[in-house]
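**Student:** Sharing a model prediction with you, sequence too.
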Amino acid sequence: MADIFTIPLFLDLLLVGLLVATIAFCVRLNKKLSVMRDAQSELHKVAMEFDQAIVRSRLGIEELKKASKEAQTELDQELAKAKPLIEELKLINASSSRIADRLQEKVGKVGLASEETKVSSAADDGIDNSDDPINLEPRTEAERELLQMLTKSR
């Protein structure tokens with residue numbers, strides 16, 4: 001029986017065992033490689049979609065830049081139109097403030113003068129007219145409104 005387990009037979013069995021192990025390893029490796037190939041095709045699809053998204057975003061950015069330049073141009077034009085109007089409104093405001101101050105001074109002077117004449121006429125008549133409003137006759141509607149505002153503020 002010692003003849004059955006000779007060295008060449010032992011080496012053949014060892015070789016068969018190693019070949020079976022190699023085949024099993026190759027089968028497992030082939031399965032993993034097929035999974036990697038599938039994943040690689042999916043990765044390729046994802047890369048293509050990502051590339052398309054980048055192209056779309058670049059186009060979107062270019063459109064945004066173009067739209068912002070157009071908007072800036074329009075705003076600059078509107079600003080150029082508005083600046084002279086702002087200066088004109090400042091002048092009108094300053095002028096109206098000066099006119100209002102002069103009118104208030106005149107109303108104050110006329111009010112004092114009319115108060116004095118009312119007091120002196122009331123003293124002559126014996127009647128107290130201190131609660132009567134000041135009777136000034138404005139010439140325009142704007143003067144009437146301004147006079148009303150000034151007399152209310154007193």
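**Tutor:** Cool, got the structure. Residues are numbered from 1 along each chain as shown.

**Student:** and the one helix or strand residue 21 maps to, what does it pack onto?
**Tutor:** For residue 21, the element it lies in under DSSP states H and E is helix 7-125. Judged by 3 or more C-beta pairs under 8 Å, 6 or more residues apart in numbering; DSSP states H and E, the packing partners of helix 7-125 are helix 141-153. C-betas here are computed from N, CA, C, even on glycine.

**Student:** name the helices or strands packed onto the helix it packs on?
**Tutor:** On a contact count with 3+ C-beta pairs under 8 Å, 6+ apart, helix 141-153 meets helix 7-125.

**Student:** Now do the helix it packs on against helix 141-153: the angle between them, please.
**Tutor:** Interaxial angle, helix 7-125 versus helix 141-153 (axes from the mean of the first three to the mean of the last three C-alpha atoms, to 10 degrees): 90 degrees.

**Student:** and helix 7-125, how far from the chain's centre?
**Tutor:** 8 Å (C-alpha atoms, centre = their mean, to the nearest Å).

**Student:** Tell me how far the most centrally placed residue in the chain lies from residue 75.
**Tutor:** Nearest to the mean C-alpha position of the chain, by C-alpha atoms, centre = their mean, lies residue 68 at 13.4 Å. To residue 75, residue 68 is 10 Å away according to C-beta to C-beta, to the nearest Å.

**Student:** what do you get for residue 15?
**Tutor:** 86 Å.

**Student:** cool, residue 105 as well?
**Tutor:** From residue 105 to residue 75 the distance is 44 Å (C-beta to C-beta).

**Student:** and residue 115, what pLDDT?
**Tutor:** pLDDT recorded at residue 115 is 58.

**Student:** ok, now the one 4 residues further on?
**Tutor:** Residue 119 is assigned 54 on the pLDDT scale.

**Student:** What of residue 93?
**Tutor:** So residue 93 comes in at 86 (pLDDT).
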